[in-house]
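Visitor: Below is the structure, and that's it, no one-letter string:
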């Protein structure tokens, strides 16, 4: 990981909540110098204050990158103070949901290199996945730099075009909530079969976490892994008859859920 560009020119982090803090922790652990980072946040946590970064100080004249991590509803007030960095060699990288590249170009200038990305909450434990897409001013070096920084909290994938970002939102951006709800529902189903609430929850959490890890590291596809644990006429087969029902099962429900999230993302992207 070549950090010389960042350590020489600096990095500005606009907003340092949960996601920003997770990224900052990853960068510092991988060798980004604390004094090369300028954090702009009106209410930094005690943890951020203890990292010896430049906190709410002067902005470097030409930082290598500005990472935009404020909530979308705060972007309109926070971004203009960085507008003077637009149109130069500074790369702007956004992890804010719903804010389009066109919006950033309106504020920063159309000749500003801008990358829009969509991370997800497992980044908080270094197991996230982030999708990225850039505007016409973004070079391969810019994409490599963004990938280097974002890989501090998990995997990074590159999209073909910005239109795909809403689909990513529906699958991986909002997806952790679907899995958390699966854990809730699985535990509740266990209780309904006579298990204690704490035991049902322990079983549900461990099962989902273990199956997810197995899917991530196994050479087999998820389809094959499912087949491997499904004996004909057995207990798993009986359950899957319900879960894979073409009208009421997981495929139909998740298709509707992902579409609803993606549609909502499109609506938010059109909001002023």
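Guide: Structure received. From a predicted model like this one, the values you see are computed outputs, not experimental measurements.

Visitor: If you drop the residues flanking it in sequence, what lies closest to the most centrally placed residue in the chain?
Guide: Nearest to the geometric centre of the chain sits residue 119, at 1.2 Å (Cα atoms, centre = their mean). Sequence neighbours aside, residue 130 is the residue nearest to residue 119 in space, at 4.1 Å (criterion: Cβ to Cβ, 6 or more residues apart in numbering). The C-beta positions use only the backbone N, C-alpha and C, and glycine is treated the same way.

Visitor: same deal with residue 132?
Guide: Once flanking residues are discounted, residue 132 sits nearest to residue 117: 4.5 Å by Cβ to Cβ, 6+ apart.

Visitor: Residue ranges of each domain in this structure, please.
Guide: Per automatic domain parsing, the structural domains of the chain span 4-167, 175-270.

Visitor: which of those sits most buried?
Guide: Among the domains of the chain, domain 4-167 has the highest mean neighbour count (mean count of other Cβ atoms under 10 Å), at a mean of 18.

Visitor: Give me the distance from it to the chain's centre.
Guide: Centroid displacement of domain 4-167 relative to its chain, using Cα atoms, centre = their mean, to the nearest Å, is 12 Å.

Visitor: coming back round to it: by mean pLDDT, show me the worst of the domains of the chain.
Guide: If you rank the domains of the chain by mean pLDDT, domain 4-167 sits at the bottom with a mean of 93.

Visitor: and the end-to-end length of it?
Guide: Start-to-end span of domain 4-167 (Cα to Cα, to the nearest Å) is 35 Å.

Visitor: i'd like the first residue to be 39 from this point on
Guide: Yes, from this point I'll number from 39; that puts the last item at domain 42-205.

Visitor: Where does residue 276 sit: helix, strand or coil?
Guide: For residue 276, the assignment made with DSSP: H, G, I helix; E, B strand; the rest coil gives helix.

Visitor: Now do it against residue 245, distance only.
Guide: If you measure residue 276 against residue 245 using Cβ to Cβ, to the nearest Å, the figure is 17 Å.

Visitor: ditto for residue 63
Guide: Noted for residue 63: a distance of 29 Å to residue 245, by Cβ to Cβ.

Visitor: contacting residues for residue 226?
Guide: Neighbouring residues of residue 226 by Cβ atoms under 8 Å, 6 or more residues apart in numbering: residue 238.

Visitor: tell me the SS of the residue nearest to residue 300 when sequence neighbours are not counted?
Guide: Closest residue in space to residue 300, ignoring its immediate chain neighbours: residue 208 at 3.9 Å, by Cβ to Cβ, 6+ apart. Secondary structure assignment for residue 208 (three-state DSSP): helix.

Visitor: thinking residue 132 is in contact with residue 153, fair?
Guide: Yes - using Cβ atoms under 8 Å, residue 132 makes contact with residue 153 at a distance of 7.1 Å.
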